[in-house]
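Peer 1: Build me a model:
(one chain, ligands or ions: 1)
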Amino acid sequence: MKKWNTRVAIIGGGIGGLVMALQCHKRGIDCMVFEAVEKLEPLGVGINLLPHSVKILAGLGLLDELAATAIETSELAYFNKHGQPIWREPRGLAAGYDFPQFSIHRGELHMLLLRHAVAHLGAERILTGRAVKRFTTGVSHGGAIGGTRATAVFEHRRTGEEVAEVEADLIIAADGMHSTVRSTFYPDEGPPKYSGRVLWRGTCVAPPFLTGRSMMQAGHATQKAVVYPISKKLFDQTGNNLTNWIMELAVPTPSGEAPPKQDWSRQVDKSVFAKPFAGWRWDWLDVPALISKGGPAWEYPMCDRDPLPRWSHGRVTLLGDAAHPMYPIGSNGASQAILDTESLATALVDEADVERALARYEADRREATGKIVLANRGNGPDQVMQLAEERAPGGFKHVNDVIAQEELEAISARYKQTAGFAKSQVNQRT
Ligand SMILES: Cc1cc2nc3c(=O)[nH]c(=O)nc-3n(C[C@H](O)[C@H](O)[C@H](O)COP(=O)(O)OP(=O)(O)OC[C@H]3O[C@@H](n4cnc5c(N)ncnc54)[C@H](O)[C@@H]3O)c2cc1C
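Peer 2: So this is what the prediction gives:
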């Protein structure tokens, strides 16, 4: 079994893990990435990067490459199930932020990060086919030279063979929603908490709608469509958009529990979810046409986990979805993982030892992300759609007949503040 020695070992080469690796490199911190899958591939569909996370990626020198491929989202627009407008607000540069909001294919974002990580760290420091099997937390008192270091053993998932071991001053577990490290820390936590709703995700090529750079959401808490374009390249070449769509329906399970892990992200026939959306044809968007045109549909139970009392034990800590998995509401999953990396990397440089760095990271990020998890359980900014449904299921002449403008404004402003991307929070720190 090959043995490695590094200052920081990152478990998981997803979005959070690779950004963390770039953060370490930028600060001259020696690090390695250990990823479970044998080959990192461009998986997923659309993902959003809010301006506060784009600011961090800009600091890593990625802004121009992102801008060349992602859509600079200019608007978030909510509609009821009849296609009537509830709330529209400018986003990113159009809203006066110093940094854009990007909508991008997750696979494209992931591969961009991988290219940079390989270029800076070297391919030999980003190891695939290494799934963490067990670890020791070490003792963090006394700095890098005091205490004992953390260790981790990795296996090859297909063969079960133990293939690598690492010893490090710090191990960062960025191993996602089904984190092995988190479940070792919290063995009684059980599976992710199921919201009773399922998402089906896909992409298709479609003409622009609304501003051409809008993210639209329609429906209410138990039936929702989300649609937004994700590729500037394709639009520039063809005038059409690679369009991300998400259809969401309430799907109660007898036990109220999430489907088993192996059923996540599986490809399903569109007939499973298409019928309830059949009438969602409006003069500005044809939802059934998007579903039927598109490529495959991927099923994803909407789950999260309760906020934790502690992320760090000894010299091992959690980051991204491993630390704070949240409903994909409010476009925060990737952005909050990226914010974690900035906080942790800064603390590692500023603080004298790992113990203090981890304490500062948790103080900065744990409660803040816990609030977003809980806000998303209340549908976050999407609650305007549920209010419209409850107050006017048959539709309205004007939204302000059923929801006051001040109420709409307050919901939007409150969520931005909670998630840390109010304009004053982002631009202030420029
Ligand atoms: C295949 C895939 C597709 C996705 N598609 C979308 C999408 O279309 N839209 C969207 O909004 N979000 C998507 N997500 C989730 C999104 O990437 C995250 O919510 C967000 O970016 C936070 O990133 P993260 O690094 O914490 O987690 P992730 O990006 O999920 O990365 C976790 C990484 O850890 C690895 N890993 C897991 N277990 C182990 C282990 N035991 N040892 C070592 N490595 C391990 C995983 O293989 C993965 O590469 C997807 C995630 C995955 C893994």
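Peer 1: The closest residue to the ligand within the stretch 51-200 of the chain: neighbouring residues, count only.
Peer 2: When you check the stretch 51-200 of the chain against the ligand by Cβ to the nearest ligand atom, the closest residue turns out to be residue 176, at 3.1 Å. Backbone N, C-alpha and C define where each C-beta goes, glycine included. Counted with other Cβ atoms under 10 Å, residues neighbouring residue 176 total 20.
Peer 1: Look up how far residue 102 lies from the closest residue in space to residue 213 that isn't next to it in sequence.
Peer 2: Here the nearest residue to residue 213 in space, its sequence neighbours aside, is residue 74; by Cβ to Cβ, 6 or more residues apart in numbering that works out to 4.2 Å. From residue 74 over to residue 102 the distance is 11 Å, taken as Cβ to Cβ, to the nearest Å.
Peer 1: Name the surrounding residues that touch stretch 264-284.
Peer 2: Applying Cβ atoms under 8 Å, 6 or more residues apart in numbering, the contact partners of stretch 264-284 are 79, 81, 83, 198, 200, 202, 209-210, 218, 223, 225, 247, 249, 287-289, 291-292, 294, 296-301.
Peer 1: quick one: the helices in the stretch 201-350 of the chain?
Peer 2: Chain-ordered helices for the stretch 201-350 of the chain, with DSSP state H, counting those that start in this stretch as the definition, fall at 232-238, 287-293, 333-350.
Peer 1: which stretch among those helices comes nearest the ligand?
Peer 2: Of the helices of the stretch 201-350 of the chain, the one closest to the ligand (Cβ to the nearest ligand atom) turns out to be helix 333-350, at 3.3 Å.
Peer 1: what does the helix or strand hosting residue 372 rub up against?
Peer 2: When secondary structure is defined using DSSP states H and E, the element that contains residue 372 is helix 354-377. Outside helix 354-377, the residues within contact range by Cβ under 8 Å, 6+ apart are 140-141, 143-144, 147, 169-170, 195, 304-308, 310-312, 315, 317, 323-327, 329-330, 332, 336, 339-340, 343-344, 347-348, 350-351, 380, 415, 418-420.
Peer 1: Next: stretch 407-421.
Peer 2: Residues external to stretch 407-421 that are found in contact with it (Cβ under 8 Å, 6+ apart): 50-52, 86-87, 89, 330, 332, 335-336, 339, 368, 371-372, 375, 380-381, 383-384, 387, 399, 422-423, 425.
Peer 1: Can you select the buried ones among these for me in ChimeraX?
Peer 2: Burial among the contacts of stretch 407-421 is assessed by 16 or more other Cβ atoms under 10 Å; the matching ChimeraX selection reads:
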select :50,51,52,86,87,89,330,332,335,336,339,368,371,372,375,380,381,383,384,387,399,422
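Peer 1: What residues sit buried inside the helix holding residue 372?
Peer 2: For helix 354-377, a neighbour-count test (16+ other Cβ under 10 Å) marks 354-355, 357-358, 360-362, 364-366, 368-373, 375-376 as buried.
Peer 1: How about it and the ligand, touching?
Peer 2: No - applying Cβ under 6 Å from any ligand atom, one finds helix 354-377 out of contact with the ligand, separated by at least 11.2 Å.
Peer 1: Can you name the element that comes right after that helix?
Peer 2: helix 383-391.
Peer 1: neighbouring contacts of that next one?
Peer 2: Identification of contacts with helix 383-391 by Cβ under 8 Å, 6+ apart yields 78-81, 86-87, 217-221, 224, 379, 396, 399, 402-403, 407-408, 411-412.
Peer 1: same thing but at 6 Å, please
Peer 2: Residues lying outside helix 383-391 but in contact with it, judged by Cβ atoms under 6 Å, 6 or more residues apart in numbering, are 78, 80, 86-87, 219-221, 379, 402-403, 408, 411.
Peer 1: Can I get that helix in PDB? Just the C-alpha atoms.
Peer 2: Listed next in PDB are the C-alpha coordinates belonging to helix 383-391 (Å, rounded to 0.1, in the frame of the first residue of the first chain):
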ATOM      1  CA  GLN A 383     -41.800  30.600  -0.600                       C
ATOM      2  CA  VAL A 384     -43.300  33.400  -2.700                       C
ATOM      3  CA  MET A 385     -44.700  30.700  -5.000                       C
ATOM      4  CA  GLN A 386     -46.300  28.800  -2.200                       C
ATOM      5  CA  LEU A 387     -47.900  32.000  -0.800                       C
ATOM      6  CA  ALA A 388     -49.300  32.700  -4.200                       C
ATOM      7  CA  GLU A 389     -50.700  29.200  -4.400                       C
ATOM      8  CA  GLU A 390     -52.300  29.300  -1.000                       C
ATOM      9  CA  ARG A 391     -53.800  32.700  -1.400                       C
END
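Peer 1: Use 34 as the first number from now on
Peer 2: Renumbered: residue one is now 34, and that last one reads helix 416-424.
Peer 1: C-alpha coordinates for the helix or strand following it, PDB please?
Peer 2: From helix 416-424 onward toward the C-terminus, using DSSP H and E, the following helix or strand is helix 438-452. Coordinates of the C-alpha atoms in helix 438-452 are reproduced here as PDB (Å, rounded to 0.1, in the frame of the first residue of the first chain):
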ATOM      1  CA  GLN A 438     -45.000  44.300  -2.600                       C
ATOM      2  CA  GLU A 439     -43.300  44.800   0.800                       C
ATOM      3  CA  GLU A 440     -43.800  41.200   1.700                       C
ATOM      4  CA  LEU A 441     -42.200  40.000  -1.600                       C
ATOM      5  CA  GLU A 442     -39.300  42.400  -1.100                       C
ATOM      6  CA  ALA A 443     -38.800  41.200   2.500                       C
ATOM      7  CA  ILE A 444     -38.700  37.500   1.600                       C
ATOM      8  CA  SER A 445     -36.000  38.100  -1.100                       C
ATOM      9  CA  ALA A 446     -33.900  40.500   1.100                       C
ATOM     10  CA  ARG A 447     -34.100  38.100   4.100                       C
ATOM     11  CA  TYR A 448     -32.800  35.100   2.200                       C
ATOM     12  CA  LYS A 449     -30.000  37.000   0.600                       C
ATOM     13  CA  GLN A 450     -28.900  38.200   4.000                       C
ATOM     14  CA  THR A 451     -29.100  34.700   5.500                       C
ATOM     15  CA  ALA A 452     -27.100  33.200   2.700                       C
END
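Peer 1: Selection in PyMOL covering whichever of the contacts of helix 387-410 are buried, please.
Peer 2: Written as a PyMOL command, the selection of buried residues from these, which uses 16+ other Cβ under 10 Å, is:
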select buried, resi 173+180+202+203+228+337+338+340+341+344+345+348+350+356+357+358+359+360+362+363+365+369+372+373+376+377+380+381+384+413+448+451+452+453
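Peer 1: re earlier: which of the contacts of helix 416-424 tops the neighbour count?
Peer 2: Across these, neighbour numbers were computed from other Cβ under 10 Å; residue 252 holds the maximum, 27 neighbours.
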